[in-house]
Each structure stands twice: as structure tokens, then as C-alpha cells.
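>>> Build me a model from this:
(4 chains)
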Number of protein chains: 2
Amino acid sequence: MKDVANAAGVSLGTASKVMAGAQGVSPARRQQVWDAARQLGYRRNSLAAELRSSRSTSIGFVVPDLTNSFFIELLCVVEDQALASGYRLLLAHAQEDPEREAERIRFVLSRQVAGMIIIPCHGYDHAIEELRECDVPLVMADRVDNSFPANTVTTDSRRAASDGTDHLIALGHERITFIVNALDLVNSRERADGYLDAMKRAGLARHARVVVCGMTDTESHAATLGLLSERERPTALFTGANVATLGALRAIRDAELRLPDDVSLLSFDGAPWMSVLHPRISSIHQPVEAVGRAIWQLLHKQLQGESSEPVHLRMKADLRVRESTAPPHKATGAAQQNAGRTRKRAALADR
Amino acid sequence: MKDVANAAGVSLGTASKVMAGAQGVSPARRQQVWDAARQLGYRRNSLAAELRSSRSTSIGFVVPDLTNSFFIELLCVVEDQALASGYRLLLAHAQEDPEREAERIRFVLSRQVAGMIIIPCHGYDHAIEELRECDVPLVMADRVDNSFPANTVTTDSRRAASDGTDHLIALGHERITFIVNALDLVNSRERADGYLDAMKRAGLARHARVVVCGMTDTESHAATLGLLSERERPTALFTGANVATLGALRAIRDAELRLPDDVSLLSFDGAPWMSVLHPRISSIHQPVEAVGRAIWQLLHKQLQGESSEPVHLRMKADLRVRESTAPPHKATGAAQQNAGRTRKRAALADR
DNA sequence: CCACACCGGCCTCAAGGTCGA
DNA sequence: ATCGACCTTGAGGCCGGTGTG
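Residues are numbered from 1 along each chain as shown, chains lettered A, B, ... in the order given. Okay, the predicted model is just below:
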């Protein structure tokens, strides 16, 4: 910048003002500086600027998994909001690995961001540890609960999972299995709890079964395949997340079963690709747009200095019944022993 | 850091060395400094460090579209490689918007990254403009061609598209339509050209048809739906990218057509979700792992000071024939006029 | 508009200390 | 006691900008 100032025949301070877009420089000089900068191919060093002014317009965003479309959608919403308020996002990818996540947090924090948004991996103690005494505005989302000592935005997973389970029960299912990635993911645990709530309420506690399948679709595929090959296989599956649904669907395909005739499937979270499936997949839909806006709103308020007690926002998810959930087939195999139940069942609609 | 040094009872220089992980400090003092730092909740300011040493271990990565799983996979490969060499990625998302992309490039560059990787949006003149006289090591990937004045890693899209088209032609298709996002995306254009090559070579130039459908699956859905409702609809679709495939599949579903009986579909690029479809989707598979490694290799070489003439690496994609491509049905409707062709066709295998 | 101090860590450098051989 | 090898110190300049007088 010194060079630019020299070339433009002004002092360093003036050049700085021009490049920062500040007031108080005559149009003529402003133009001179601009020209000189262009000619020299000058690019401002925002590191230095932020160092000196100890102000930053970058927001760190630590995402656990970029293959999960829910996070991507959320990220896009937040990014647009941030941009509209003059902030930009510094993205960091934890790849569902707590250690890597901790490193990413340190990385982001050491770059003096103005604020930070994080969706933790499982075992979020790591994350908390890193975030302790972090003095920047912080919002945590999705995989946290109300006990978290920070601003949070979450979906009421427990309630949503309970509603979803109720839907399956109302269709006449009893052997409903819940497939979840990991129980040390706060929201997964909540979802499992919601499922258990509903099963108990319906007097189906003995059929309740939560299968932990790990974080990848490969694992969930294997787990589901195992489930489906049991003698008394579930008549309905409820997958606790996007990734689990992917693996489960592949398993259903590989087991040559039909949705929903042979088995019903309800997915927590939809994904764009689900729209091409036949039948359409019933799912729990989280209000991504609202969650994203809430995250930014909370962060923005803090950025503007309005600090207050940690706020916990909880959004409501809704059940979207489509075609992958239907009443169970009566006694389709020798293993099916519940044929003569008293519960009335609607005839299976032909798809 | 001064405080840390004081608390640890060492000099500032020593503390600096410890925090930077440099050699030449005795284990005892090293521990003292570490303890003091932890107690004070000290976090190193890497902005200042990088400013002074004008060295950075961050690599900027500008991604055009995080909803495209190909880019995500690529990103993961590159990130692992970078981490293994002691670098970390600074992610920036262009959302397929050239203006936003330009801004992201400026942003990344102004943060003094050690190197930069970019997969451009359409109309990459914007990008070139921003990258002109950028003095950091640079690798551009995927959406560039060999004429590009920088290191590039690409897939031989033209060849791959030509192979794919040959496959469809060999099955007996003539009315093959190529659906592409945008022709100002270099690789999309190459794919379209490859398709045209093959059509011409087979004497099917009069049937050749390239439909530009835009960057979103919504647009590709609409375009495909239009195509499929024509009186003489294509017997085979070849989609030029992930996103186009998504829209096309939804259109096929909505038009209540069957794959591959009513229409064949070949997709350039696969995606994890395609594995759940029935029938399985034939696709052109790009060697993501190899591309990612190549990108890093090229960048790493430059980071270590071995500068040379721009290198252009071109990887080979391969055709994976699955079940969504089959010989066309003979004369299924009044509109089908090619029933009695001389070309021999294999009987339609029952799926 | 210019001059100047300054953000926070880095680097160099001369000078002195510790330690085992 | 001597010597070289290695650790440690403190000062001061510096990176590239910002903000005040």
C-alpha cells in the first residue's frame, strides 16, 4: 500500500482511507489512488487491517458433515443472511471427527473471527472444551440441547420423533425399529427418546428397539440389511437422519423388499434426492429456513453488542406423510405372527 | 502473549517459540509456557503471526456449489491430503454466482493464503480477472480447459461424453437428447461437444439435440418434463451433470415413465443417492480420488517453490453401465416412427 | 492531508548462562 | 579450568495496515 500511496502521490494514511472506503478524501485523490492501485495490481491485506483495528467481518462456521444436505441448506441460509448484513463466512469442515473439529475450532478462533457458529460432532465435550472462555459471540445449533451454556437454535427433535412414531403406530405397525447414527449426538438421542416415548405411550414398549448404526451410510446399510434379514423383521423403519435413510434405502433395495408393501420407512430429515424416489418418502421436515434465520438473528444481536443471557430457541418440525408409510401387510410370511390382531387395518392402497 | 511469558517467567521470545512449536526450548520451560497459556486461556493470534512471517499454512478453496456431491467428495480428498502435509483449507462458497465468486476470491486472497484452489462458476472470465497477477500458487480444476493459463486438473469430459453417447447408440437409440446445465461452463460445453462428436460419427446428426437447462434441479426438471411431453420424445436422455440428473429423474417420475423401458437415462457423474434407485443409474464416473490427489500434488509442488510452466493434467473418466440404459422399445406409440429400422436390436432384458 | 504511534506476534542479534566432556 | 554446544534473554525493527492529532 505504501507503493500505491507513492505512485498516487499521496500519503499512506490517505491511501488507507481510500481503500477502506472511508470518508474525507477528495474525489480527485480518491481516483488517483484507485488508478494507482489497479495499475500495481494491489490487493489489500485484510489480515493487517483486522489486526490493527481488531475488528473483523468474518464469521467462523464449523460444519460437521458436508455430505448432509440439511447442513448445506442451513449453511446457505445463514450465508445469505450474513452477507446481507455485511459479514462473510469462514467455513471449516469437521468431517464428523471430534478431534478434527477441535482443531477446526482452534483454527477459526485463531483467525480472530467476529463470531462463530458451530454444529457439533458427537461427543461434543471436545467442542465445549475448545469453546470455553472463547470471547466471541457464539451460536451453536442443531446438535445441542437446552442445557447448553451458549446460545442455541435447535429443532424439537423429541417431539417430532414422537409424532412420527405415532403416525406409524396409527397405521397399525408394532414392530417399529428406530435406526440412529449415534447416541452421543444430542439430537439423535432426543429423537430416539421421542420414539421411545411414543412406543411406551402406545403400550408397545416390548417392541421398541433402537439400533445404533454409526455415522456413515455404509454402516447404516449393513445394520439395516441385518435387521431386514431377521426372521421377525420390523414392519416399519424410522431412520433418525439423512445418512441413515440413505443406507436403509439401499438395504431395502438390496433385500428386494418393496416400499411400503414389505416394510414402511419414515425418515427424519428429507433431502433433495428423495424427491426422485418412487414411492415418495414420508419424512420429518425441519424448518431449515427458520433455523438459519434464527441462528443469524441470535448471532447478529450479539455482534451488535447486545449481550444477554444465553437464549435457547427451539423450532418445530412437521411430519410430511407421503407414500413410503402404509399399514403393514397381514401375515405375508411364516414369520409374521401377528396376523389375527384385533387392531383394524385399512386395506393396502395400490400404488 | 506477553502476559503468558510473564506468567511463565520466561522471555517473550521463548514463549513465542513454544507457541509456534519451534525447536530450541528445553522441555521444562516448554511445559511452563504451556501451563501458563492454558491458565490464562491464551489463544495465539495467527493473523499476527502470518502477517509478520508472511507465511501461511492456509489454502483457499473456492467451491461453486456445495449441493453437488462431486465437489464435496473432491473437497474431502483434497482436505485430507492438505492436512497430511500440514496445511488447512479455508472454504469459500460461490453458490454458482459469478459475482459472488469474484468476491469470494478477493476475500480469500486478501487473507494471505499460501495457495488457492478454485473450481470456477460459469462465465469464468470473472474468475480470471480476479486471479490475474495473483501471486500465490494456484490450481484450477474441473471447469477449465487446457487453454487455461494456470495449473489445471480436469477430466476428459469430451471423450467420456462421447463414450457414453456411443453406448446409447450401440443400444439402438437415435433420438438421444443431451441435457446440460449451461454452455458457458467449460466442462459442460466439452461434454456437449463429446456428445455431438459421437452423434455425427454415427450419422445421427439430425437427431442431435442439446438442451440447456440452467444450474438448478428445478430448471432441469422443467426442461426434461417439456422434452418428455413432446410427441416424438427422445428414447434416451444423457444428463451432463449431477444436478441435471436429479431434475431429469424427477421429471421421468412425474411423467410416469419407466426407466429404462420408456426412456433410457445416462448420467454424467454419479452421486451417493443414486445407489438407492431402482433401476440403478448408468453413469460416467470421474476418478474423484485421483483428481483430488492431482490437485494437491500440483499445488504442493508449487508451495515448495518448484515453479514451472503451467501443467495441465487430464484424467480419464469411465462409463459404468448399469440398468437405466437399455435398447429402446420398438414402436410403443403412434409417434414412434422408427420401428422398422434395419439396425438389429437385442431383446429387452427383463429387469 | 500528513506524521506517528500502534495492533500482536516474528525474527535477528549480541550477550550471557548452563552443562557435559 | 577450558571448550564447544545449546538454551535463554531483552531490545528493537518489522509485517501492512488503522486511527488520532
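>>> neighbours of A:Glu79, just the number please.
By the criterion of other C-beta atoms under 10 Å in any protein chain shown, A:Glu79 has 23 neighbours. (Each C-beta comes from the backbone N, C-alpha and C, glycine too.)
>>> What values do phi and psi take at it?
For A:Glu79, the backbone dihedrals are phi -60, psi -40 (criterion: degrees, to the nearest 10).
>>> again, but for A:Met199
The phi/psi pair for A:Met199 (degrees, to the nearest 10) is phi -60, psi -40.
>>> Let me see the contact set for it.
A:Met199 sits next to A:165, A:169, A:176, A:205, A:207-208 when contact means C-beta atoms under 8 Å, 6 or more residues apart in numbering or on different chains.
>>> A:Glu219: what's it in contact with?
A:Glu219 is in contact with A:213, A:247, counting by C-beta under 8 Å, 6+ apart.
>>> So which bits of the stretch 51-200 of chain A are right by DNA strand D?
In this structure, the stretch 51-200 of chain A approaches DNA strand D at residues A:51-53, A:55, judged by C-beta under 7 Å from any atom of the strand.
>>> bridging residues for the closest residue to A:Val321 other than its chain neighbours?
Leaving aside its chain neighbours, A:Val321 sits nearest to A:Ser282 (5.1 Å; criterion: C-beta to C-beta, 6 or more residues apart in numbering or on different chains). Under the criterion DSSP bridges, A:Ser282 forms beta bridges with A:Leu266.
>>> how much space between A:Ser282 and B:Glu256?
20 Å (C-beta to C-beta, to the nearest Å).
>>> And A:Asn146, by the same measure?
47 Å.
>>> ok, now A:Glu99?
Between A:Glu99 and B:Glu256 the distance is 49 Å, computed by C-beta to C-beta.
>>> hmm, back to that, between A:Ser282 and B:Glu256, which one's more packed in?
Ranked by neighbour count (other C-beta under 10 Å), A:Ser282 and B:Glu256 place A:Ser282 first, with 25 against 9.
>>> For that one, which residues are in contact?
Applying C-beta under 8 Å, 6+ apart, the residues contacting A:Ser282 are A:167, A:264-267, A:319-325.
>>> One more: A:Phe107?
So A:Phe107 contacts A:92, B:46, B:88 (C-beta under 8 Å, 6+ apart).
>>> got any ranges where chain A has weak pLDDT?
Scanning chain A for pLDDT under 70 picks out A:330-351.
>>> Okay, domains of it per the record?
Per the TED database, the domain ranges recorded for chain A read A:1-44, A:58-156+A:288-316, A:157-287+A:320-329.
>>> so which of those domains comes closest to B:Val4?
Proximity to B:Val4 (C-beta to C-beta) singles out domain A:58-156+A:288-316 among those, at 14.1 Å.
>>> For that closest one, measure first residue to last.
End-to-end distance of domain A:58-156+A:288-316 (C-alpha to C-alpha, to the nearest Å): 30 Å.
>>> try stretch A:105-124
One end of stretch A:105-124 sits 12 Å from the other (C-alpha to C-alpha).
>>> How about that stretch, which residues are buried there?
A:105, A:107-122, A:124 (16 or more other C-beta atoms under 10 Å in any protein chain shown).
>>> Next one: the spatially closest residue to A:Val144 that is not a sequence neighbour from B:Leu138, what distance?
Among residues not flanking A:Val144 along the chain, A:Thr152 sits closest, at 4.8 Å (C-beta to C-beta, 6+ apart). A:Thr152 sits at a distance of 40 Å from B:Leu138 (criterion: C-beta to C-beta).
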